[in-house]
Structures are given as structure tokens and as C-alpha cells.
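1. no sequence for this one, just the structure:
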């Protein structure tokens, strides 16, 4: 493809992804009350007894929260199709036999994105909320729904994106940009970057929550080394098939 053809292909994939996200948004909008109760469960578990409600301060905020809840759920619902569009954008630059990775890519990337969201909802988000809500028992929390859902969206979608690290490393290894040796040699630098990133993502400054965010990323990096080793072997097999002599 020429540069302009790549831009046209990118535009097409973005449009399809946005259409899928729009459809998922409208589907989730009909269930926004049920989704609201589900997403708000972690903060309601840590709020003081007798205070389980979230508040809004402007007339339009209630409607806006329904929109945000529907969008957050729509992102996870549409994620398989969006990731499929990403694959279709990448695939023209691959060899014919490499395009056979389409189904594994879709399954792995979708699973990792959803796993990141699940980890955020069941582990990272409750731990962060418990620390923040109970940090100063002399104060009574008055939390608006908008503040909470902005907070929850950042953590859930952020962790979903971070969990894509093995997929990214796999593609970089397939194209020979990184190798297992490079990843292992630079592990200490990666560890430093991971903890810096965890400090930015983590909404609290305590050590426990820092490790809650950092340890999964360390595990993903170690797993990515194995992924890189696998894709390195696949690249060697590809090169040998193209040039057996």
C-alpha cells in the first residue's frame, strides 16, 4: 500500500470501530441502571454504614452519568470488534502465513483486555477506594457520581490497555524490533518504568496499592519475554521458508 492508501485504510477501520462502539453504547444504554449498580458496587462496599448513595450536583449530571456508564460498558462490549479492526489494519503488512495469526490475536487481545478490566474492578479499584475513603475517618465522604465514574473508568480502561503488553511485545518480536535477550537485559530498566507508571496510575500513594498496580505489570513483562521467544522462533521459521538456502 502507498501512504495515502494506508491513511484511507486507517480511516475505514476507525469508522467501523466507532460504529461498533456506537451500537454497543446504545445497547448498553437500555441497561444503564443495572450497569450503574454493578459498577458502583465497589464504592458502596466501603462507604460508611447508612451512606450508600452517590450524588449529583447539576440538573444534567444524572443523564450524563447514564451516558458515561453506557460508554464504559460499550467499550468492553465492542472490544472484540474494535481489536479485529486493528488487526485488519495491520494485516496488509504481514506475509500470507502470518495472517493465520488473526484468530489467536483476536482471542488473546480480547481476553487480555477483559482480564485487565476484571482485575481493575475486583482488585485494584476496591483496594484504592478502601484506602482513600478510610484514610481520614474524621471526614464524611460526599462523593458525586461523576467523580467516581471518571475515577473507575480511568482505572478499568487503563488496566485493560496495559494488559495488551504481551500482544505488543509479540508483534515487535515478530518484526525483529525486540528480542528475548533485549527484554531480559533491560529488565531492571523495565522494572523502574513499571513502578513509575504504577505510581502515575495508582490513585493513592501507599506502598500496598503501588504493588497492586505494579505486580501485574511485572508479571505481564515476564510473560512477554516468553511471548517474544515464541515469536522469535516463528520469525526464524518464516525467514527459512522464504529463503531456505
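-> Received it, and whenever you're ready, just let me know what you need. All figures in this text were calculated on a predicted structure; none of them were measured in a lab.
2. so which residues of this structure form helices?
-> For the chain, the helices defined by DSSP state H occupy 3-29, 32-46, 61-90, 102-119, 125-133, 145-162, 165-174, 180-185, 187-201, 207-242.
3. columns distance to residue 54 and mean neighbour count on top of the ones you listed, output as TSV?
-> Any C-beta I mention is one placed from the backbone N, CA and C, and that applies to glycine too. Shown next, in TSV, are the helices of the chain (distance: least, CB to CB, whole Å; neighbours: other CB atoms under 10 Å):
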stretch	distance to residue 54	mean neighbour count
helix 3-29	19	14
helix 32-46	6	16
helix 61-90	8	18
helix 102-119	20	17
helix 125-133	12	20
helix 145-162	4	18
helix 165-174	33	20
helix 180-185	43	15
helix 187-201	23	14
helix 207-242	22	16
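4. of the ones you listed, which is nearest residue 139?
-> Nearest to residue 139, of all the helices of the chain, is helix 125-133, at 9.5 Å by CB to CB.
5. returning to that earlier point: need the helices of the chain in JSON lines (columns: mean pLDDT).
-> Below are the helices of the chain laid out as JSON lines (pLDDT from 0 to 100):
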{"stretch": "helix 3-29", "mean pLDDT": "87"}
{"stretch": "helix 32-46", "mean pLDDT": "89"}
{"stretch": "helix 61-90", "mean pLDDT": "88"}
{"stretch": "helix 102-119", "mean pLDDT": "86"}
{"stretch": "helix 125-133", "mean pLDDT": "85"}
{"stretch": "helix 145-162", "mean pLDDT": "87"}
{"stretch": "helix 165-174", "mean pLDDT": "83"}
{"stretch": "helix 180-185", "mean pLDDT": "88"}
{"stretch": "helix 187-201", "mean pLDDT": "84"}
{"stretch": "helix 207-242", "mean pLDDT": "78"}
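6. quick one: contacts for residue 78?
-> Residue 78 makes contact with 17, 20, 21, 23, 24, according to CB atoms under 8 Å, 6 or more residues apart in numbering.
7. ok, those residues vs residue 105, which is closest?
-> residue 17 (15.5 Å).
8. tell me how far the closest one lies from residue 24.
-> 11 Å (CB to CB, to the nearest Å).
9. which residue is the nearest non-sequential neighbour of residue 161?
-> Closest residue to residue 161 apart from its sequence neighbours, by CB to CB, 6 or more residues apart in numbering: residue 116 at 7.2 Å.
10. what about that neighbour, distance to residue 164?
-> Residue 116 is 8 Å from residue 164, where distance means CB to CB.
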